[in-house]
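Asks: What would the 3D arrangement of this be:
(one chain, ligands or ions: 1)
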Amino acid sequence: MNKNQLFRSTRVRLAFCYATVMGLILSISGLGFYRVVFNAHVVALDSEIESVAGTLHDTLEPKLKKPGKLDSTVQQLFSNISLCENVGVKCIQQKFNNGRHFIGVTNHSNYYVRFFDLSGRLIATAGRYPEGISTVFSNQKWQFLKDSKGEDYHQITVGLHVINNRNTKDWGYIQVGRSLKEFNRYLDSVKLFLALGLPITMGIVAVSSWCLAGLAMRPIYDSYRQIQQFTADAAHELRTPLAATGATVESGLLMPEIEEQEMREILRTLHRQNQRLTTLVADLLMLARLDAQPVTKQQEICCLNDIISDLIEEFEAMAIAAGILLECSLQGNQPLNIVGNSDQLYRLVSNLIINAINYTPKGGFVKVFLNRNDYYAVIKVQDTGIGMVPDEQKRIFDRFYRVSNDRSRSTGGSGLGLAIAQAIVRTHQGSLSVESELGRGSVFTVQLPLNITKVKKARSISLEKLLHRPLRKSE
Ligand code: ADP
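Replies: This is a model prediction of the structure:
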């Protein structure tokens, strides 16, 4: 499997996992939502039926005289009551139009009322009585029933009593039922909404999962591309001195006789290429070490004034040879100390000074400034050199990037100097930036955190070491 396929299949797997998890969450939420809607409606419906049954019960009970008998005063309360004389005989509807049917709920198309005597015989019905509904009595409080058309009803059974003076006798039962047609229609619409909404939402989730997986994969893909590029660049850089060495040795071997002068020339070339290789490998190793170490481990007090003065002295000869004036400006009389790795700090400042000398034409100057603000020590390396356009300024810190290959090669640069400088600054938790103008020069600014408490602590540790050090004979 090539790398592109690997990235693609990983993206597919990521998107699939994300979509599955989201799908499960959405399905469970949908189901939960349906249950909540269902329960809320059942509770509302039951309390409505219970309140209707309670009203009927409270209205009818004082009017009941004999168990199992519905007097005309009671019958007149219903506009459309049907009395059932015998079991199995069709109930005969009595119409009372005296306008006093206060139990209006029985006019409501959703409700029906049934009266049963104590033996469970149907006495009368009222309201919109459903056809084909079971007339077998059950004193279970709540029941679900079906009519001949398959329509659902929810029904409550309440006991009725005859109250004479202080005697209370059982009269029979009243059942109040309500059609669930509206309720079922509403639930069907909720189900339809969920059934249609879920696939549409899943489609959106699938597309967004694909995009999100792509976003998640991008940094990995980018760093993979960078590693690929880095490997190719490193191989290219290593090949150049190796090829030069190979060619020099081959040409030497082809010579029938080699004079001492020629031999020395060959050895000098080999030595030069070997040094180039050694520097390159050392730079690569240093970058690898800096990458593996986010914060520099070996920490000591580093006096930046000393580092800069030493380096100015060291590169004076190089600057003079290039016809450049090299000087420094150190702020104040107090030395500026930071906690860090002095070897790395020497390397950082020397890389900037070497570049400034290399990219400044004869007659120019390079100046190194050391200042401080409240939190940072600030080192500036300024030159009057060739400068850079803004596009190049963004890329010069990339590994192996060189603005002009020819010029860098003539200076022996491999394009790793600024990458190393930036890695060192990063391990010291500082920053490195450039301001440059083409043809006018550049200023590289390094900011390194001062962290006074750290400096004091490190100073007291070294003082303690000094005090506890055994005295040498000469001391
Ligand atoms: P090199 O080894 O090629 O100098 P660096 O990483 O040190 O690599 O620098 C990267 C590129 O940045 C160089 O090739 C050069 O073009 C540009 N550069 C660095 N310093 C300066 C400078 N002071 N003035 C102009 N260009 C510079």
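Asks: alpha carbons only for contacts and neighbour counts from here, please
Replies: Noted.
Asks: residues making contact with stretch 35-45?
Replies: Stretch 35-45 is contacted from outside by 183, 187, using C-alpha atoms under 8 Å, 6 or more residues apart in numbering.
Asks: Let me see the mean pLDDT of it.
Replies: Along stretch 35-45, the predicted local confidence has a mean pLDDT of 92.
Asks: ok, then the element right after the host helix or strand of Ile308?
Replies: Using DSSP states H and E, Ile308 falls within helix 304-321. The element immediately downstream of helix 304-321 (helix or strand, assigned by DSSP H and E) is strand 325-330.
Asks: which secondary structure elements does that following strand contact?
Replies: Here strand 325-330 touches helix 304-321, strand 365-372, going by 3 or more C-alpha pairs under 8 Å, 6 or more residues apart in numbering; DSSP states H and E.
Asks: what about 6 Å?
Replies: Counting contacts by 3 or more C-alpha pairs under 6 Å, 6 or more residues apart in numbering; DSSP states H and E, strand 325-330 packs against strand 365-372.
Asks: quick one, the helix holding Ile308 and strand 325-330 angle?
Replies: 170 degrees (axes from the mean of the first three to the mean of the last three C-alpha atoms, to 10 degrees).
Asks: chain center to helix 304-321, what's the gap?
Replies: In terms of C-alpha atoms, centre = their mean, to the nearest Å, the centre of helix 304-321 is found 49 Å from the chain centre.
Asks: cool, stretch 132-146 as well?
Replies: 56 Å.
Asks: Could you list the residues in contact with that stretch?
Replies: Applying C-alpha atoms under 6 Å, 6 or more residues apart in numbering, the external contacts of stretch 132-146 come out as 120, 147-148, 152-157.
Asks: After the strand or helix carrying Val36, which helix or strand is next?
Replies: Assigned by DSSP H and E, Val36 falls within helix 3-60. Downstream of helix 3-60, the next assigned helix or strand under DSSP H and E is helix 72-75.
Asks: buried ones in that next one?
Replies: 74-75 (16 or more other C-alpha atoms under 10 Å).
Asks: What residue in the stretch 101-250 of the chain comes nearest to the ligand?
Replies: Ranked by C-alpha to the nearest ligand atom, the top residue of the stretch 101-250 of the chain for proximity to the ligand is Glu237, at 11.5 Å.
Asks: Helices of the protein, start to end?
Replies: For the chain, helices defined by DSSP state H occupy the ranges 3-60, 72-75, 181-254, 260-292, 304-321, 342-358, 390-395, 405-411, 417-427, 452-467.
Asks: Give me the mean pLDDT for the fifth one.
Replies: Helix 304-321 shows a mean pLDDT of 95.
Asks: Kindly report the same for the fourth one.
Replies: Taken as a whole, helix 260-292 has a mean pLDDT of 91.
Asks: Please list the residues of the chain that sit near the ligand.
Replies: Within the chain, the positions near the ligand by C-alpha under 6 Å from any ligand atom are 355-356, 359, 385-388, 396, 401-404, 408, 413-419, 442.
Asks: Just give the closest residue to Val205, not the sequence neighbours.
Replies: Distance criterion C-alpha to C-alpha, 6 or more residues apart in numbering; nearest residue to Val205, sequence neighbours excluded, is Ala19 at 6.0 Å.
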